[in-house]
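Q: Kindly return the folded structure for what I paste below:
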Amino acid sequence: MYANGPFSPGDAARPTRSTNAADYQDVPRAVAVMPKAYAAGMVLDRHFHQRAQLLYATAGLMMASAEDGTWVVPEGHALWIPPRLPHAVATHGAVAMCSAYLDPAAVTGFPAGCRVIAVSPLLAAALTALAAEPVLYEEDGRGGHLAALVLDEIGRAPATTLVLPLPRDPRLRRVCFGLIEDPASEADLDAWADRAGASRRTLTRGFRAETGLSFGDWRARARVIRALALEAEGRSPRAVAAAVGYRSAQTLRLTVARVLDGPGT
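A: Now for the predicted structure:
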């Protein structure tokens, strides 16, 4: 199966690399790269991989969710997913992606949780080049050098703010899921506290303690993440702004800029 990597049926003279993630979990190499395209509206239900995964959006936008958060992965960004972490993925608009599956032994010092990173030009080029090598590349040759470069670039990449951290307190989680479901809601902090069965003070302190964000900042980030997804689906700027609770596209643009320029989480 691995003479020149796992393949799917195709032209015998130019075999096509497999697009089945299961084919890359036991490859005896530190990094195994799988390019794949998805149609708009694709949903992969909760699943996990034996290997760590770098989910790189080369075009389009994806959203991923796990027990402790929701992440948006726009073009030019990638989601780091630790080994065996259950997660779900959905596409907004057509998506082209490149998954790098990483041997757990090669990423022992990497983050224990998901994070979105901006893909550097060097990392993008290394992933593209490694995808053109045999899956069983020569470890002491070009493929091995590219794999080492991929690992180095992932390890040094800073996190972005494209994450909605989820608290563990069930009252706070009810508020978070309500905001995700209806980002345009005009309910204020007191109203959400009533819905959660908690005091305003408990809600305020809980958000800061468990997510690192104030209630207002968390809601703004939830709106921005939904706005990016709607924009990727081709909605007009005015329709996107209205759908996430802003009166104008300009106000939304200012909020997006503020959120994306903030510190990583």
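Q: did I read that right, Pro28 in a strand?
A: No: using DSSP: H, G, I helix; E, B strand; the rest coil, the assignment for Pro28 is coil, not a strand.
Q: Number of residues surrounding it?
A: 10 (other CB atoms under 10 Å). Backbone N, C-alpha and C define where each C-beta goes, glycine included.
Q: Check Trp80 too.
A: Under the neighbour criterion other CB under 10 Å, Trp80 is assigned a count of 24.
Q: Over to the one 4 residues further on?
A: Neighbour count of Arg84, defined by other CB under 10 Å: 11.
Q: Just list the residues touching it, thanks.
A: Phe48, His49, Gln50 (CB atoms under 8 Å, 6 or more residues apart in numbering).
Q: ok, and the most crowded of the residues you listed?
A: Busiest of these [other CB under 10 Å] is His49, holding 20 neighbours.
Q: which SS class is it?
A: Quick answer, by three-state DSSP: His49 is coil.
Q: could you measure it against Phe110, distance?
A: 14 Å (CB to CB, to the nearest Å).
Q: Extract the CA atoms of the longest helix along the chain and return them as CSV.
A: Counting residues, the longest helix in the chain under DSSP state H turns out to be helix 215-232. Taking Å, rounded to 0.1, in the frame of the first residue of the first chain, the C-alpha atoms of helix 215-232 are listed here in CSV:
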residue,chain,number,x,y,z
PHE,A,215,-19.0,38.8,28.5
GLY,A,216,-19.0,41.7,26.0
ASP,A,217,-15.7,40.6,24.3
TRP,A,218,-16.9,37.0,24.1
ARG,A,219,-20.2,38.0,22.4
ALA,A,220,-18.3,40.3,20.0
ARG,A,221,-16.0,37.4,19.1
ALA,A,222,-19.0,35.1,18.6
ARG,A,223,-20.5,37.6,16.2
VAL,A,224,-17.3,38.1,14.3
ILE,A,225,-16.9,34.3,13.9
ARG,A,226,-20.5,33.9,12.6
ALA,A,227,-20.0,36.9,10.3
LEU,A,228,-16.9,35.4,8.7
ALA,A,229,-18.8,32.2,8.1
LEU,A,230,-21.7,34.0,6.5
GLU,A,231,-19.4,36.1,4.4
ALA,A,232,-17.7,32.9,3.1
